[in-house]
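Chemist: Structure, please.
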Amino acid sequence: MKNTILLFLFAFLTIHVNAQTSNIKIQTSARCGECKEAIERQLNYEKGVKSAELDNDTKIVTIFYNAEKTNPDILRKSIASIGYDADSIPADLKAYKKLKSCCLKDAPKKNK
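Modeler: Below is the predicted model of the structure:
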């Protein structure tokens, strides 16, 4: 009986946790490995984000997050706040101007 209750509780918690996790892919203006590090670091400190990984070839960041704690608009704005475009949200101009020259949109693309 005790094992049955523990199994039921484990199953309930697993379903509950998985039900809250969402994911989104956001197109960014990332250019190099430093951009990747900056965007991933920013998102991983964002409340509700479980993981974030940017593909430098496609410039798309895939984010797994708790939908009860954050949403896609907040995530896009978080990326934009550090100087990168995020889907239709343009980069914050002040933050963009502080990026290294290799991270600017019109800079020649660097190898990873």
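Chemist: Could you measure from the closest residue to residue 98 other than its chain neighbours over to residue 64?
Modeler: Once flanking residues are discounted, residue 98 sits nearest to residue 83: 6.5 Å by CB to CB, 6 or more residues apart in numbering. For glycine as for every other residue, the C-beta is placed from the backbone atoms N, C-alpha and C. To residue 64, residue 83 is 23 Å away according to CB to CB, to the nearest Å.
Chemist: Could you do residue 56 as well?
Modeler: Separation of residue 56 from residue 64 (CB to CB): 19 Å.
Chemist: Could you check which of the two is surrounded by more residues?
Modeler: Neighbour comparison, residue 56 and residue 64: the larger count goes to residue 56, with 17 against 14 (by other CB atoms under 10 Å).
Chemist: need the contact list for the more buried one.
Modeler: Contact analysis of residue 56 by CB atoms under 8 Å, 6 or more residues apart in numbering lists 30, 32, 33, 35, 36, 112.
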